[in-house]
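In: Got a predicted structure plus its sequence, pasted below:
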Amino acid sequence: MAPGIPAAMERPHFIGIGGAGMSGIAKILAQRGAKVAGSDAKESPTAEALRALGATVHIGHAAGHLADDATCVVVSSAIRADNPELVRAGELSVPVVHRSDALASLMHGLRSIAVAGTHGKTTTTSMLAVALSELGLDPSYAIGGDLAGPGTNATHGEGDIFVAEADESDRSFHKYDPDVAIVLNAELDHHANYASMDEIHESFETFAGKIVPGGTLVVSADQSGAVELTRRVRAALPALTVVTYGESEAADVRVHKITPRGLTSEVTVVLGGKFLTFTVSVPGRHYALNAVAALASGIALGIPAHNLASALGKYTGVKRRLQLKGEAAGVQVIDSYAHHPTEMAADLEAMRGAASDARLLVVFQPHLFSRTQELGTEMGQALALADASVVLDIYPAREDPVPGVTSALIIDAARAAGADVTAVHDKAEVPEAVAGMAKPGDLVLTMGAGDVTDLGPQILDHLSS
C-alpha cells in the first residue's frame with residue numbers, strides 16, 4: 001500500500017493549479033483523499049479533470065479564494081510575491097510549500113525513480129509510467145506532460161514505485177531522495193538561473209548526492225555534459241553505483257543498433273554480454289535512447305530486463321512530443337514541444353527520417369527572451385534542417401521583454417545557414433499561410449513550448465477547406 005496524505009497536505013491550496021507540475025501533485029493528493037483546492041488564470045481541460053476528482057478550482061486569482069481552513073499553500077517558482085492568494089496566506093500564517101517539497105513528501109516511503117536532464121525528462125518518465133503499469137506494478141507518477149495512453153500527467157498507484165520528472169530549471173530537484181536517478185544530458189539552459197556550465201554540473205552533482213545509500217545513478221555515456229558529470233560524480237561519490245547507457249563502446253548498457261521503421265524504431269542493446277531487441281513506438285534516435293535510459297533504471301530497481309523491454313513498446317507518446325494532430329489534403333500536421341536547439345534538431349532529424357522524400361515545413365515559436373538571447377543563433381541553425389519555416393514572435397511566458405532581443409536573431413541565423421524562413425508577426429495569419437505552402441505528402445511541424453500548439457487544428461481546418 002502506498003502512504004497516505006502528509007499532515008500539512010490534508011487541505012492544500014494550489015496557486016496555478018492548472019500548470020503541468022502543479023496539477024499532477026494536486027491530482028495525486030485528491031486521489032489519496034485530500035480536500036484539494038486551488039486557482040488558475042483560465043479554464044482548461046486540466047481544471048475540469050481536477051474538479052472531476054473532487055477538487056475546488058477557482059478561475060482568476062483573488063484573496064477570497066483561499067479557504068480559512070487551508071493547511072498549506074502550494075506554489076511554483078513562477079508565482080510572484082504579490083499574488084493576492086499568496087499575500088493572504090501570509091496574513092493567515094498558512095504555511096507556504098514549494099511544489100518540489102510537496103512532490104518530495106508524496107514520494108516519501110516509496111521506491112522512487114527521479115528523471116532529470118535538460119531534454120527528454122517528460123518522455124522518459126512517461127515511458128517508465130506506461131511500462132511499469134503494463135507490468136502490473138501500478139506505479140504512482142508525476143509527469144510534465146499528458147500521456148497519450150491514459151491521458152493524464154499524474155496518478156496515485158497502489159504499488160510501491162513512484163516515478164517523477166525532476167526539474168533542474170530552478171534547482172528544485174535537490175529536494176528529492178530517489179532510489180534511482182536518471183540524468184539524460186546536462187546542457188546550459190535556464191539562463192535566468194544558471195550562469196555557466198560549471199553551475200549546471202554542480203547542480204546535477206548535488207542531485208546525484210541525494211540518491212539514497214545503495215541507490216543508482218543512470219547517466220548517458222554519449223552526451224558530453226553527462227560524461228563530465230559521470231567523471232565528477234565518480235570522484236566525489238565513490239560509493240554510488242553509476243550505470244552508463246548509450247552508443248559509446250564504454251557504456252554499461254550499450255546500444256548496439258537503432259533501426260528506424262517509419263514512426264517507430266527497433267532498438268538492440270547489449271546487457272551483460274547478451275543482445276536484447278525491443279520496439280520503441282515513437283520515431284527518432286533520441287526517443288530510442290530515452291527508452292534505453294528507462295530500461296536501465298528499471299533494471300536498477302530489480303525489474304527483469306526482458307519484461308521491461310517488452311513493456312516499453314506499449315508507450316505511444318506524450319501530448320506535444322511529436323504528436324500527430326491529424327491529416328488533411330494529404331498533409332500530416334504534427335506538434336512538437338521542442339524549444340531548445342538540441343531538441344529542435346533531434347525532432348527535425350526524427351521527422352526527416354519518417355518523411356523520407358516528403359517536404360518538412362516548420363512553424364516555430366521561440367520561447368523566452370532569455371533563451372533566445374543566449375541560443376537564438378543555434379535555433380536558427382536547427383531550422384536549416386527543414387525545407388521551409390515560419391517563425392513567430394517570441395512567446396514571453398513569465399519574462400519581460402529584453403531590448404534588442406526578437407525573433408530576428410533566429411531568422412538571421414537561419415538564413416545565414418541557408419534556410420528558407422518567413423517571419424510572421426500575427427499568429428492568426430499562420431494557418432492560411434502554411435496551408436498555402438503545403439502540398440500533398442508534406443509534413444507540417446508546429447514547434448515550441450508556447451501557444452503555437454493551438455495552430456495545428458487551425459492549419460488542418462484551412463487544409464480541409
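Out: Received, thanks.
In: what residue lies at the spatial centre of this protein?
Out: T122 (3.2 Å; Cα atoms, centre = their mean).
In: Roughly how far does the closest residue to A104 other than its chain neighbours sit from Q31?
Out: Once flanking residues are discounted, A104 sits nearest to K175: 4.5 Å by Cβ to Cβ, 6 or more residues apart in numbering. Every C-beta, even on glycine, is put in place using the N, C-alpha and C of the backbone. As for K175, its distance to Q31 is 22 Å (criterion: Cβ to Cβ, to the nearest Å).
In: So what pairs up with the closest residue to G18 other than its chain neighbours in the strands?
Out: Spatially, and ignoring its direct neighbours in sequence, G18 is nearest to D40 (3.6 Å; Cβ to Cβ, 6+ apart). D40 has these beta-bridge partners by DSSP bridges: I59.
In: ok, now how distant is D40 from P84?
Out: From D40 to P84 the distance is 14 Å (Cβ to Cβ).
In: These two: which has the busier surroundings?
Out: Taking neighbours as other Cβ atoms under 10 Å, D40 and P84 compare with D40 leading, 22 against 16.
In: Could you double-check that the more buried one sits in contact with H13?
Out: No. Between D40 and H13 there is no contact under Cβ atoms under 8 Å: 11.9 Å.
In: can you tell me which helix or strand G4 belongs to?
Out: For G4, there is no helix or strand it lies in under DSSP states H and E.
In: how far away is it from V94?
Out: From G4 to V94 the distance is 21 Å (Cβ to Cβ).
In: now swap in K314 and tell me
Out: For K314, the distance to V94 - Cβ to Cβ - is 42 Å.
In: how about the strands of the stretch 201-350 of the chain, start to end?
Out: Taking DSSP state E, counting those that start in this stretch as the criterion, the stretch 201-350 of the chain carries its strands at 216-220, 241-246, 253-261, 264-271, 274-280, 321-328, 331-336.
In: Same question for the stretch 51-200 of the chain.
Out: Using DSSP E, counting those that start in this stretch, strands in the stretch 51-200 of the chain cover 56-59, 72-75, 96-98, 111-116, 140-142, 154-155, 161-165, 180-183.
In: With only the CA atoms kept, save the first one in PDB.
Out: This file holds the C-alpha atoms of strand 56-59, laid out as PDB (Å, rounded to 0.1, in the frame of the first residue of the first chain):
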ATOM      1  CA  THR A  56     -12.300  23.000  -6.000                       C
ATOM      2  CA  VAL A  57     -10.800  25.100  -8.800                       C
ATOM      3  CA  HIS A  58     -11.300  28.900  -8.900                       C
ATOM      4  CA  ILE A  59     -10.600  30.800 -12.100                       C
END
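In: gap between that strand and the chain center?
Out: Relative to its parent chain, strand 56-59 has a centroid offset of 25 Å by Cα atoms, centre = their mean, to the nearest Å.
In: residue boundaries of the strands in the stretch 351-465 of the chain?
Out: 360-364, 388-391, 421-423, 443-447.
In: so A291 touches S126, yeah?
Out: No. If you go by Cβ under 8 Å, A291 and S126 don't touch, sitting 10.6 Å apart.
In: Mutual contacts of the two, please.
Out: Residues touching both A291 and S126 by Cβ atoms under 8 Å, 6 or more residues apart in numbering: Y315.
In: Buried deepest among the strands of the stretch 201-350 of the chain, which one?
Out: strand 216-220 (a mean of 27; mean count of other Cβ atoms under 10 Å).
In: Okay, now the sheet partners of it, with direction.
Out: Paired strands of strand 216-220, with direction, are strand 180-183 (parallel), strand 241-246 (parallel) (DSSP bridges).
In: and it, how far out from the chain's middle?
Out: Its chain's C-alpha centre and that of strand 216-220 lie 18 Å apart, by Cα atoms, centre = their mean.
In: what angle sits between that strand and strand 111-116?
Out: Comparing the axes of strand 216-220 and strand 111-116 via axes from the mean of the first three to the mean of the last three Cα atoms, to 10 degrees yields an angle of 30 degrees.
In: Would you mind measuring from H306 to Y245?
Out: 17 Å.
In: and what of I161?
Out: 20 Å.
In: Look at K175 and Q31 and report which has more neighbours.
Out: Applying other Cβ under 10 Å to K175 and Q31 shows that K175 carries more neighbours, namely 20 against 17.
In: for that one, what are its contacts?
Out: 98, 100-101, 103-104.
In: Now the residues you listed in TSV, please, with extra columns for pLDDT.
Out: Output for the contacts of K175, formatted as TSV (pLDDT from 0 to 100):
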residue	pLDDT
H98	93
S100	91
D101	94
L103	94
A104	94
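In: between those residues, which is closest to R261?
Out: L103 (36.5 Å; Cβ to Cβ).
In: What is the burial count for that closest one?
Out: Per other Cβ under 10 Å, the neighbour tally for L103 reads 28.
In: Contacts only, for T230.
Out: Taking Cβ under 8 Å, 6+ apart as the contact definition, T230 lies against 219, 221, 242, 244.
In: of all these, which two lie farthest apart?
Out: For the contacts of T230, the farthest-apart pair by Cβ to Cβ is A221 and V242; their separation is 10.2 Å.
In: Apart from its neighbours in sequence, what residue is nearest E378?
Out: Using Cβ to Cβ, 6+ apart, the closest residue to E378 is P341 (3.6 Å).
In: Just the pLDDT for the one you found.
Out: What the model reports for P341 is a pLDDT of 90.
In: Same check on A142?
Out: pLDDT, A142: 94.
In: Go ahead and confirm D138 touches D160.
Out: No. Counting by Cβ under 8 Å, D138 does not reach D160; the two are 9.0 Å apart.
In: Give me the buried positions along stretch 380-396.
Out: Buried positions in stretch 380-396, judged by neighbour count with 16 or more other Cβ atoms under 10 Å: 380-395.
In: before we move on, what about stretch 187-200?
Out: Counting neighbours by 16+ other Cβ under 10 Å, one finds that the buried residues in stretch 187-200 are 187-190, 194, 200.
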